[in-house]
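Chemist: Can you look at this prediction? I've put the sequence above it.
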Amino acid sequence: MVFEIQMNVMECRGKKGLTRDGNYFCISNFLYDELNTLGIPPMILAEAVNDFLREGTASYSVYWGSSQERGNTRVLNLLITTPNKSKRVFLMVSNFDGIYEITLLEPFNFGNSMEKLISYGKNLEKYEVSMPFLYKFVVFETFDAFKKLSRVEFQGIISKDTEKYMVAMGNEKALLWKIETPRVDLVNKENVRLTNLNH
């Protein structure tokens, strides 16, 4: 499963299109399906990628659309291919109060973006970070961001029946990861019971 966008590369292995300023793009079928599920038109992503490459910054965001949902972020490991080079970046599609924030970022800048998401998520009942499949880097960076922004009272592994969870408990919120799943949840602390601790 490859999430790839090609900019101005003639050989296309997916869905083709043109940006408003005339750049040719091709999006892999897997990426197309993800964007379709999220409700993001491929042209919006292609224009963001083009601006991200032109600006040469570590992180670039655009805002688009509206939705009734809020409190979730989808993270993809994205391959960007141009005639001159290929590079891997993270694509984060976050829903802030019904507005999509589409962020492209270099892996070394992931922690800064996650801190912003955790800060926002702390004001909600629940916030979810999901991936199409497990990127452990994302999980551990999310826990690191939570520790920087919260006074962590407990961090460890807990069990519920046969399931294991990594948990970090702050003064009001808790971060939960059901081990080996592609999702991390930020929830209210009172929704987590530390019953079966594993030492």
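Modeler: Looks like it arrived, so ask away. Note that the structure is predicted; figures quoted are calculated from it, not measured.
Chemist: And the helices in this protein?
Modeler: According to DSSP state H, the chain carries its helices in the segments 29-38, 42-55, 110-121, 136-149.
Chemist: list the helices and strands the last one packs on?
Modeler: In this case it means helix 136-149. Where contact means 3 or more CB pairs under 8 Å, 6 or more residues apart in numbering; DSSP states H and E, helix 136-149 is packed against helix 110-121, strand 163-169, strand 173-178, strand 183-188. Yep, even glycine has a C-beta here, placed from its N, CA and C like the rest.
Chemist: Of all the residues in that helix, which ones are buried?
Modeler: Neighbour counts over helix 136-149 (16 or more other CB atoms under 10 Å) mark 138, 139, 141, 142, 143, 144, 145, 146, 149 as buried.
Chemist: repeat for the third one
Modeler: In terms of neighbour count (16+ other CB under 10 Å), helix 110-121 has its buried residues at 110, 113, 114, 115, 116, 117, 118, 120, 121.
Chemist: do the first one as well
Modeler: Across helix 29-38, burial judged by 16+ other CB under 10 Å covers 31, 32, 34, 35, 38.
Chemist: Show me what the nearest residue to the second one once chain neighbours are set aside bridges to in the sheet.
Modeler: Beyond its immediate neighbours in the sequence, the residue positioned closest to residue 32 (CB to CB, 6 or more residues apart in numbering) is residue 15, lying 4.7 Å away. With beta bridges defined as DSSP bridges, residue 15 has these partners: residue 27.
Chemist: from now on call the first residue 36
Modeler: Got it, first residue is 36 now, which makes that one residue 50.
Chemist: Tell me who's in contact with residue 50.
Modeler: For residue 50, the contacting residues are 61, 62, 64, 67, 77, by CB atoms under 8 Å, 6 or more residues apart in numbering.
Chemist: which stretches of the chain aren't confidently modelled?
Modeler: Applying pLDDT under 70 to the chain flags the ranges 102-103, 228-234.
Chemist: again, 50 this time
Modeler: Where the chain drops to pLDDT under 50, the residues are 231-234.
Chemist: Quickly note the distance from the most centrally placed residue in it to residue 193.
Modeler: Central residue of the chain (CA atoms, centre = their mean): residue 110, 2.5 Å from the mean position. Distance, residue 110 to residue 193, using CB to CB, to the nearest Å: 24 Å.
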